[in-house]
Each structure stands twice: as structure tokens, then as C-alpha cells.
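1. can't give you the sequence, but here's the structure:
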């Protein structure tokens, strides 16, 4: 059984009699399975863009690892599951950072392969990372791309979900979110240097906006 955690940085929900904790980092913890889910870290993206001349701040690189450390230290999960797009593209110097980071991870690490995960599985396996196209546990389906499959609730990533919140003075703010429908929840992109795809919630959907310090549930129109 996972460790119940309460904090302003978290929000607890129940699905199919299972308990989940949403964290402001964008990670999701499954209590009964002692499993931490993280999607779309896109390691290596900073170096990839800097290589081709984009003015991306170098501290964005270290920010990903700081966030990973914070989430893992917060929950101390038995299993750490990345829901795809762990590394952005082909090998670059950031792989060395990932190797060093893995040396201090005691959790079992599993990568559900995403469309950006093109690095040889042998490189991951050498670090003890297991690769799989999907995970099925109880009534839950864990994938990279959002998927509708009868009888299952789907946890996924890929879309980098966000919502636009409008103020009284015509100002608006785009924020990343956990986007929950009746049959699935799409996790926000965990990576520091990722965009947001703005989604429009429908009746019955739930949106859990994340800031650097808290998770805020928005129900109904936004």
C-alpha cells in the first residue's frame, strides 16, 4: 500500500475504488500500487534546441532533474512509471545526466514508450529501465497516447494538456493541468521546456490546474 500524503501541493481523488494523489509537479501517485506516474519529461530537448541555435536557458536542463527529485522524494514510490516521451530525441549529452540521475533511484523504473522515445531499448535496459508499449493493472490502462478501451480507465500523456483561464478585465492565463473525463485522465507534461495544448472541458469533465505550489480543481465552465 502506498503512503498517504497530504499537502497544499496535492489533491486526492478516487477512481474505481483506487486512490490517487495529484501533485503540483505534474506527477500522479497511485496509493494501492505504490506507483508514481510521470509523463512527457522530454529530457534532452534543451540540448537539442540549443544545438540548432535556439536561445533556451541552460537552467531549464537542470530544472527537469530538480523536479524529478522533488516528486520522487515526496512519494518515495516502489515503482516509477514514465508515460512516454522520457527523452525528446536521439542521444545527446543529456543522456549522461540521466545516467547519473538513475544511479540514485531506488524505485523500479518502467518506460511506457512514446512517439519521441527513439533511443535504443538497450541503452535503457543497461540502466535497469524496463520498456513496454502499455501497462494494464486492474481496470486501468496506462499508455502514452490517450486511448478509449471498453472496461478500462486510461492514464496517458502526449497532449501536454492546458486550459485558458479568463479574468474580468479580458486578461487570460494558460496553465498546465490534469484533464479528467469519465474514462481517462491526461497528465500534464512534466518537462520544464514543453508547450501546452489548450483543451476545452465539456460537461462532466474535471480540470486540475497546477501551479508551482498547488493543485486547483476547476469544475464546470472555465
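-> Sure, I can see it. Not measured: the values here are computed from a predicted model.

2. In terms of secondary structure, what does the strand or helix carrying residue 68 contact?
-> For residue 68, the element it lies in under DSSP states H and E is helix 59-75. Taking 3 or more CB pairs under 8 Å, 6 or more residues apart in numbering; DSSP states H and E as contact, the helices and strands that helix 59-75 lies on are strand 18-23, strand 35-38, helix 45-51, helix 94-102. The way it works is simple: take the backbone N, C-alpha and C, and place the C-beta from them, glycine included.

3. Tell me which of those lies nearest to residue 206.
-> Ranking these by proximity to residue 206 (CB to CB) places strand 18-23 first, at 10.5 Å.

4. in its sheet, what does whichever helix or strand comes after the closest one sit against?
-> Reading on from strand 18-23 to the C-terminus, the next helix or strand found by DSSP H and E is strand 28-30. Taking DSSP bridges as the criterion, strand 28-30 forms sheet pairs with strand 18-23 (antiparallel), strand 35-38 (antiparallel).

5. Switch those strands over to JSON lines; also include mean neighbour count, distance to residue 95 and mean pLDDT.
-> Shown next, in JSON lines, are the strands paired with strand 28-30 (neighbours: other CB atoms under 10 Å; distance: least, CB to CB, whole Å; pLDDT from 0 to 100):
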{"stretch": "strand 18-23", "mean neighbour count": "20", "distance to residue 95": "26", "mean pLDDT": "98"}
{"stretch": "strand 35-38", "mean neighbour count": "25", "distance to residue 95": "18", "mean pLDDT": "98"}
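
6. In CSV, list these along with distance to residue 77.
-> CSV is the format used below for the strands paired with strand 28-30 (distance: least, CB to CB, whole Å):
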stretch, distance to residue 77
strand 18-23, 11
strand 35-38, 4
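
7. To residue 218, which of those lies closest?
-> With distances scored as CB to CB, the stretch of these nearest to residue 218 is strand 18-23 (12.7 Å).

8. that older thread, among the strands paired with strand 28-30, which is nearest residue 172?
-> The closest approach between residue 172 and any of the strands paired with strand 28-30, judged by CB to CB, belongs to strand 18-23 at 23.3 Å.

9. quick check: angle from that closest one to helix 59-75?
-> 140 degrees (axes from the mean of the first three to the mean of the last three CA atoms, to 10 degrees).

10. buried set for the helix holding residue 68?
-> Of the residues in helix 59-75, those with enough neighbours to count as buried (16 or more other CB atoms under 10 Å) are 61, 64-65, 67-68, 71-72, 74-75.

11. next helix or strand past that helix?
-> Going down the chain from helix 59-75, the next helix or strand is strand 79-82, by DSSP H and E.

12. by contact count, what packs against that next one?
-> On a contact count with 3+ CB pairs under 8 Å, 6+ apart, strand 79-82 meets strand 35-38, strand 108-112.

13. Report the contact partners of residue 99.
-> Residues near residue 99 by CB atoms under 8 Å, 6 or more residues apart in numbering: residue 127.

14. Check the gap between it and residue 126 for me.
-> To residue 126, residue 99 is 9 Å away according to CB to CB, to the nearest Å.

15. What of residue 9?
-> 34 Å.
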